[in-house]
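**Q** Provide a 3D model corresponding to the input given below.
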Amino acid sequence: LFGCVECENPNPKLDTFLGRLTIWSCEENEEPKVCALSNDNLLLAGSVLKNTEEVYMCCVYSGNQTKISLNSKITKNKFSTIEKSLNKYLIFLLVILLTEMVVSTILSFSFDYEFYKSSELYLSSLAKVLRFFGADKETYLNLTNINRPEHRESIQTLLGFEGVKNYPHTVYLPNTEIWYLDQVNEITFVRILEVLLLWMVLYNYIIPLSNYVSLEFQKVISSIQFTWDTDLYDPERDEPAQCHTSDINEELGLVTHLLTDKTGTITKNEMVLKMLFKEDESYLIDMDFPQDWDKVMMILCLCHSVQVADGSFIASSPDEKAILESCQINRFVFNGESEGKLSVSVLGKQYVFEKLAELPFDSFRKCMSVIVKDADGVIHVLVKGAESTMLTACTSGNMRRAEEEIDCFANMGLRTLALGYKTITEDQLKRFEDALEAASQSFVNRVKYVREVYQDLERDLEMVGATGIEDRLQEEVPETIYDLKRAGIKIWVLTGDKKETAINSGHSAGILKLDSQMIDICDTAD
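**A** As a prediction, the model looks like this:
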C-alpha cells in the first residue's frame, strides 16, 4: 500500500483535524485515489479503540507536537488566603531579619575592641579561605607564618608573583584596651561574613517556620474530618466524601458563586423516553406505545450513531440510547450495523437497510441525519434535531400542531427533539456525494463547505413527529439548592435545553421560585 498523507500543521484543537490521503496504485494508467481525512480518522494519544478488529495507522504528530502535549499547560499551585497572607508576613519578617543582621554587624565593627582597620593580615585571611576549600597544611603554614624568613621564600612559588618577597612583616599587636582579649584582628571579608552569620543565628527565631508546620497539620486534620462527615456520606455507593486536596479547605466558606451544568450534575443523566408525537396524536410511552412501522419509528430506530456490542447499546448521546431502549422494550429492536447494513426487528419481522451516509450532529446545524436505502430501492433521509432548526427546515406536515406539542413537552420539563423525513432520488444522492467529496478535500474552510452541503440536503423536509425525554433530578436537589441559597451562594446553571424545559427544570430543582423575576434574552436579536 503506497500513499501520502497531507495534514494541517500541529495545533491544540482537539475537535478538528484536516487532512487528505492519496493512495497510488501499482497498475499503469490508473489515477490515484484521494479521500478526505477528518477528526473521525484521528486517534489521540491515550485513546482506546473498541469494537474494531484491525486498522491501518500512520503517525502524523509525535512528541511535543501531539494535540495532548500542545494542550498541556503548567498549572499553578493554589494558595489559600491564609497562605498568601502568611507569605507576605514572612517576606516582611525576612526583611526585618536582614536589617537587624546588617545593623548589628556594622555596630560590631564600629564599637567592638577586637578589630582594627589594616591590611597587614591579608595573607592570614587568604590562608583561612584556602584552608576551607581544601588547601594542604604546608600551604596554610606558609601563609600564616609570612613573618618568618624561612617561610617567605615559598610564597613566590605558591602565588606566582615577585612582589610577595617584599611583603611587609606581620606584627603582633596586643589588645591594649581589653587585656584578656587576644591579638587585635583585622576587618576582612571573611570576618564580616562570620559576624553576619553569627547575628543571623542569634536573630533567626524571628522567622515563624513553625506556623507553616502547624498550618499544614491543621489542613490534614480538617481533610480527615471532611471524610468523617456523616451528612456527606453516600449510602448507595457506600462511600464517604473524598477530599482530593487539603490546600484550600478553609476557602469553602468564602464561595459566593456556583457555576454548574444541568445534565449529569443537577440531573442523573439517565434519560427515559416519556412522550411521543406522531400523526397528530401524542403517546405516553409507559401507557400507550404505537405499534405500527412508519416514518417516525424508522427515524427512532435508524437515525442515530449507536453501536451494539454484546446485546447492549453503546452511545455517545444518552438521548439516543434512551430512545432505542424504549423501542426495544416495545419490540422495535435495533440489531446493529454490519458491513454497512442496518438491521431492525419490528414485532418479530426483520427489516434490513443499507446505510449510505451519516451526517453527524454539530452545534451550528443542531441536528443529525442518516441516509438509508430499503429493500425496494427507496432512499430515505431521516433527520432529528432541535425544533428551532427543524421548523425552518420543514415545509410540509402539521408543523403548528408539532410546535404546540413540543412546547407542551418542554413545559413538562422534558428534553425535546423534532423529527423530519423526506425521500431523494439516485441523481440527488449522486450530486450530494460529489459535493460532499469536493468540500471534504478542501484545506481552507472545509467545515463551512461541508456544513453547507449538509444544509442543502436537510431542506424541504416533512415534519412527522417529536419526542419528549425525561432526565430525572438527583436525589435531594431542591434541599441542597435551598441550603446553598441560605449560605448566600448565587447559583448559575448552564443548559442547552429549550427555554421552557430550562425554566421547568429550574422550578423543579428549586433554583427558580414562582415569584422570581424572569429576564428573557433568548429572543433578542444581535
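
**Q** what mean pLDDT does the strand or helix carrying Phe334 get?
**A** For Phe334, the element it lies in under DSSP states H and E is strand 332-338. If you average the pLDDT over strand 332-338, you get 89.

**Q** ditto for stretch 436-452
**A** For stretch 436-452, the per-residue pLDDT averages 85.

**Q** got it, and stretch 22-37?
**A** Mean predicted confidence for stretch 22-37 is 79.

**Q** list of residues touching it?
**A** Identification of contacts with stretch 22-37 by Cβ atoms under 8 Å, 6 or more residues apart in numbering yields 1-7, 17-21, 437, 440-441, 446. For the C-beta atoms, the positions are set from N, CA and C on the backbone; glycine is no exception.

**Q** list the buried residues in it.
**A** Ala36, Leu37 (16 or more other Cβ atoms under 10 Å).

**Q** try stretch 466-475
**A** Ala466, Thr467, Gly468, Ile469, Glu470, Asp471, Leu473.

**Q** show me what the host helix or strand of the second one pairs with in its sheet, parallel or antiparallel.
**A** Under the criterion DSSP H and E, the helix or strand holding Thr467 is strand 461-473. For strand 461-473, sheet partners with direction are given as strand 267-278 (antiparallel), strand 394-397 (parallel), strand 415-424 (antiparallel), following DSSP bridges.

**Q** what about Asp15, neighbour count?
**A** 7 (other Cβ atoms under 10 Å).

**Q** what are the contacting residues of stretch 409-418?
**A** Here stretch 409-418 has contacts from 271, 274-275, 277, 319, 384-387, 389-391, 394, 402, 406, 463, 465-471, 497-501, 504-505, 508, using Cβ under 8 Å, 6+ apart.

**Q** tell me where the model's unsure across the chain.
**A** For the chain, the stretches with pLDDT under 70 are 1, 111-187, 248, 523-526.

**Q** so Gln350 sits right up against Ser343, yeah?
**A** Yes. At 6.8 Å, Gln350 counts as touching Ser343 under the criterion of Cβ atoms under 8 Å.

**Q** quick one, which of these two is more surrounded?
**A** Each of Gln350 and Ser343 has its neighbours counted (other Cβ under 10 Å); Ser343 has more, 15 against 10.

**Q** distance from the chain centre to stretch 75-88, please.
**A** Between the centre of stretch 75-88 and the centre of its chain there are 23 Å (Cα atoms, centre = their mean, to the nearest Å).

**Q** send the alpha carbons of it over as CSV?
**A** Taking Å, rounded to 0.1, in the frame of the first residue of the first chain, the C-alpha atoms of stretch 75-88 are listed here in CSV:
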residue,chain,number,x,y,z
THR,A,75,-0.6,24.5,36.3
LYS,A,76,-0.1,27.0,39.1
ASN,A,77,-0.2,25.9,42.7
LYS,A,78,-3.3,27.0,44.5
PHE,A,79,-2.8,29.1,47.7
SER,A,80,-5.5,29.9,50.2
THR,A,81,-5.9,33.3,51.6
ILE,A,82,-4.2,32.3,54.9
GLU,A,83,-1.2,31.1,53.0
LYS,A,84,-1.0,34.2,50.9
SER,A,85,-1.2,36.4,54.0
LEU,A,86,1.4,34.2,55.8
ASN,A,87,3.8,34.5,52.8
LYS,A,88,3.5,38.3,52.9
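
**Q** show me what counts as buried in it.
**A** Result for stretch 75-88 [16+ other Cβ under 10 Å]: buried residues Ser80, Glu83, Leu86.

**Q** contact partners of the helix or strand harbouring Phe432?
**A** Using DSSP H and E, Phe432 falls within helix 426-440. In this structure, residues lying in contact with helix 426-440 by Cβ under 8 Å, 6+ apart are 36, 38, 356-357, 371, 379, 424, 446, 449-450, 452-453, 456-457.

**Q** can you name the residues that contact Leu419?
**A** 278, 295-296, 299-300, 303, 383-384, 390, 463-467.

**Q** go again with 10 Å.
**A** Leu419 makes contact with 276-278, 295-296, 298-300, 303, 382-385, 390, 394, 397, 402, 461-467, according to Cβ atoms under 10 Å, 6 or more residues apart in numbering.
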